[in-house]
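Engineer: Here's my sequence, what's the structure:
(2 chains)
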Number of protein chains: 2
Amino acid sequence: MRHNVTIEEAQNLLVNAAAAVKTTMVSLDSASGRVLGETAAADYYVPPFNRSAMDGYAVIAGDTVGAMPEQPIILRVEADGASTPGRAMARGAAVKVMTGEPIPEGADTVVKYEEVRRQGDTLAVYRALPAGENVVPLGEDMKPGDTIAREGTLITPAVAAVLAGQGKGRVRVYRRVRVAICNTGDELLHPSEGPRPGKVYNSIYHGLAARCRELGARPVDLGITPDDVEETVRRIASGLERADLVVITGGVSVGEYDVVEDSLQGLGAEYIFRRVLMKPGSPMLAARKDGKIIVGLSGNPAAAMISFELIVAPLIRRLMGLRKTTAPRFQGEMVDGFKKASPQRRLLRAQLVRQDGKNLVRLTGAQTNGVLKSMIHCNALVDIPAGSGPVSAGQPVTGFLIGRVDQADGEETAWVPMVVPGRGGVGRGTDAERDPQTPWIITKY
Amino acid sequence: MRHNVTIEEAQNLLVNAAAAVKTTMVSLDSASGRVLGETAAADYYVPPFNRSAMDGYAVIAGDTVGAMPEQPIILRVEADGASTPGRAMARGAAVKVMTGEPIPEGADTVVKYEEVRRQGDTLAVYRALPAGENVVPLGEDMKPGDTIAREGTLITPAVAAVLAGQGKGRVRVYRRVRVAICNTGDELLHPSEGPRPGKVYNSIYHGLAARCRELGARPVDLGITPDDVEETVRRIASGLERADLVVITGGVSVGEYDVVEDSLQGLGAEYIFRRVLMKPGSPMLAARKDGKIIVGLSGNPAAAMISFELIVAPLIRRLMGLRKTTAPRFQGEMVDGFKKASPQRRLLRAQLVRQDGKNLVRLTGAQTNGVLKSMIHCNALVDIPAGSGPVSAGQPVTGFLIGRVDQADGEETAWVPMVVPGRGGVGRGTDAERDPQTPWIITKY
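Structural biologist: Numbering: from 1, shown residues only, chains lettered A, B, ... in the order given. Modelled structure (predicted):
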């Protein structure tokens, strides 16, 4: 077991301890937003024939040599309507074709309606047509064997469209990752209950469950769990059966009520690490049991959400089969100062904004552990190194981009998340792969 | 009816012709990723009491005046375990409290376990404690009346967590927007069918349906529709009954098979516009019937996806109740040249990449109408003004950011979408609101 690991060590330890879940075949209709479970290649030519790009007449270019506005070449219209594949066209012939239709064998160019004059079965062409005009050649878009998308790729709308174009009505995807969430604490109330003295609403479940859904995983609610070792063991065991990962919140601090640690021992789980060098979020631990990972997070909602984003989300992406797992980093300039010194590595909840050609970083409110509302507009966590003094306005900073980059209200500014090259990179591949439905979204404009 | 409108005019015409769908109450569990249907405000203080931030002893600061390492003050431990709200603490007393628990009435500070020595019922305190230490005051995070999030806001994980913390087990959201999709074309095959000569797979449905899902809307499949006016009228009518918006693809070019136009006339729909000044995607139209909008897109998959993204997605965001509807813009520098002149306004499929401090724009492949695969890695549409000559490498360009900004494979580069301030802005609000699960995602790092 490792003690007091860095955020990056914690990411690596978890990502390396996990393997992607199994794959399954699903209909293309339910495949979008999921992760491709095998590399998909084309089986067919697209288009599957030489296709007309216009409504017009398919002709043989050689037949139009010498045609001029004053001296049209007269061709013979062979048949109206859709042409028949396999049918060879004779010299001097013209066949009417609609946009997207195959052009007859033998024809090598299409002249637009607007450019010709038809009288009965004759067609006047007023210029010499180059071969290939208005013809989309067989296989222009895809040829058999072309890679559509690699295993571990998110199935985006464009990928779904290309898969459909290859007649792939079913595709192999990683099955949905299930994340069991267990919130310990005698003081917790479910949001559907009425308020009770001395109790607080369990906000943390909904924050983590919503983030799981955004990532494309399914939350499994193990419920509010009393501060009781036996019951906690039961819940974790149930989570291990029902899910791919168990996340427990609360009960991981230093006092006597550290039911999570006692429960993990009771369960015979093998520790991976204990405590992470970060504030907030240091009281975190990870263990393994039956090949599955159990993560314990702070019972503080803001701290739990920050640890989850930086350390658990990469693990979930790994389980989902995505190649790239970590959050991007940014560089920016502080708008606000932060008065406290940071003996520990500190993460400040902030909003990254592009303004006047700069990446500006604004704190989203109070940074104390108990404040959750400063997470609402937080899209960036400023990364203050351990041993730093106060942060002053104007100071350059770096950090993690953790949220959608669009959360400022009432401003017509532009958002520019910037990344420090060479940072990040936990994961098994070097390729950037998309993160489904995730954080780093720009809708600020 | 307007003819030959600009992209921006088309966006405005549609957004202004539509209103958000109705709202509905849903459980908080199913509210994440949806749009808040009313402004949510806090009802309760969070925390609902003065709370201990540590495991330790709640004491009265005044009782510790004069305490020193060599001369501790001795207090009387009143009771172990959780304290009772409403209970007043006597002078000279100390009550054990766990992190998150209420501190007893009368107590105003918490001293950590590590700092004290307990023997039986006595507690030695070795320094004078300031009032408020390790105490999270009542309402530090939220106070009754505080705004949580405004109507028209996406319910993100942080918003969900704060709503839960206010005991909002049910929340008002806009109901799901349904988008009916009708693909016309005798040549179309469903991806689950075997290949047939002269036929092509219907890729466009899956591209648009997947994008609807990404946006948070529900696609309604009206099926592959033959090039027949009566049948098309029937399908559109069914779409108008079943959905909030009907999207038809194909049959909107200039030839004789323009079943969509004939169908709209047969249906008595009122035109909004016809043709958009863009390439690809110009053969587009929009009409209104029974207060709902019908949009006709090119039958060309790439063109349809581009028009959908630029003109239909803003309409869907409007229907969903989001305040901000249009795609952001970027500025960048071309890596590749593009040899053709652009008599019409042209959109080039490209990938925006941050490299060496620059926003580099790379074309994603062939730009011809028939090529769909260049959409796969496309996150940006370069906007070439009408009347432009060829584009040369190194030339500064602007455009629309339409996809996730993370699609380059095999590169450790950073992505910086940049926005032209003052552009965009179709919609009814001036506030930036988040776009659910949408395109502009950074996972490239």
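Engineer: And what about the residue lying closest to A:G169 once chain neighbours are set aside, helix, strand or coil?
Structural biologist: Nearest residue to A:G169, sequence neighbours excluded (C-beta to C-beta, 6 or more residues apart in numbering or on different chains): B:S192, at 3.3 Å. To be clear about C-beta, it is placed using only N, CA and C from the backbone, and glycine gets the same treatment. Judged by DSSP: H, G, I helix; E, B strand; the rest coil, the three-state class of B:S192 is coil.
Engineer: Enumerate every residue touching B:S192.
Structural biologist: A:S27, A:G167, A:G169, A:R170 (C-beta atoms under 8 Å, 6 or more residues apart in numbering or on different chains).
Engineer: Could you tell me how many residues sit around the first one?
Structural biologist: Meaning A:S27. 11 (other C-beta atoms under 10 Å in any protein chain shown).
Engineer: Pull the contacting residues for it.
Structural biologist: Counted by C-beta under 8 Å, 6+ apart, A:S27 has contacts A:G169, A:R170, B:S192.
Engineer: Quickly name whichever of the contacts of B:S192 is closest to chain B.
Structural biologist: Of all those, the one with the least separation from chain B (C-beta to the nearest C-beta) is A:G169, at 3.3 Å.
Engineer: Can you give me the domain assignment for chain A?
Structural biologist: Chain A breaks down into these domains under automatic domain parsing: A:2-22+A:175-320, A:25-46+A:141-174, A:51-136, A:329-401.
Engineer: And A:V246, how far from A:D290?
Structural biologist: 11 Å (C-beta to C-beta, to the nearest Å).
Engineer: A:E115 now?
Structural biologist: 72 Å.
Engineer: Next: A:M98.
Structural biologist: Separation of A:M98 from A:D290 (C-beta to C-beta): 61 Å.
Engineer: hang on, the earlier thing: including mean pLDDT, could the domains of chain A go into CSV?
Structural biologist: Listed next are these as CSV, based on pLDDT from 0 to 100:
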stretch, mean pLDDT
domain A:2-22+A:175-320, 94
domain A:25-46+A:141-174, 97
domain A:51-136, 90
domain A:329-401, 92
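Engineer: ok, back up a step: pick out whichever of A:M98 and A:D290 has more residues nearby.
Structural biologist: The neighbour comparison of A:M98 against A:D290 (other C-beta under 10 Å) goes to A:M98, with 21 against 11.
Engineer: Show the backbone phi and psi for the more buried one.
Structural biologist: Backbone torsions for A:M98, taken as degrees, to the nearest 10, come to phi -100, psi 160.
Engineer: For the stretch 1-150 of chain A, what lies in contact range of chain B?
Structural biologist: A:27-29, A:32-33, A:44, A:46-49, A:51, A:53, A:55, A:82, A:84-86, A:98-102, A:113, A:136, A:140-142, A:146, A:148-150 (C-beta under 8 Å from any C-beta of the partner chain).
Engineer: Show me just the buried residues among the residues you listed.
Structural biologist: A:28-29, A:32-33, A:44, A:46-49, A:51, A:53, A:55, A:82, A:85, A:98-102, A:136, A:140-142, A:146, A:148-150 (16 or more other C-beta atoms under 10 Å in any protein chain shown).
Engineer: Show me those residues that map onto helices.
Structural biologist: Using DSSP state H, no member of those falls in helices.
Engineer: Which of those fall in strands?
Structural biologist: A:R51, A:V136, A:I148, A:A149 (DSSP state E).
Engineer: Which parts of the stretch 251-400 of chain A are helices?
Structural biologist: Secondary structure of the stretch 251-400 of chain A, counting by DSSP state H, counting those that start in this stretch: helices at A:259-267, A:301-307, A:313-320.
Engineer: Pick the most buried one from these.
Structural biologist: helix A:301-307 (a mean of 28; mean count of other C-beta atoms under 10 Å in any protein chain shown).
Engineer: hmm, that one in reach of chain B?
Structural biologist: Yes - on the criterion C-beta under 8 Å from any C-beta, helix A:301-307 is in touch with chain B at A:P301, A:M305.
Engineer: hmm, who's touching that helix?
Structural biologist: So helix A:301-307 is contacted by A:203-204, A:207-208, A:211, A:249, A:276, A:278, A:280-281, A:283-284, A:297-298, A:347, A:349, A:369-372, A:374-375, A:381, A:402, B:157-158, B:161, B:165 (C-beta under 8 Å, 6+ apart).
Engineer: what sits against A:A161?
Structural biologist: A:A161 neighbours (C-beta under 8 Å, 6+ apart): B:S203, B:I204, B:H206, B:G207, B:A210, B:P301, B:M305, B:L372, B:M375.
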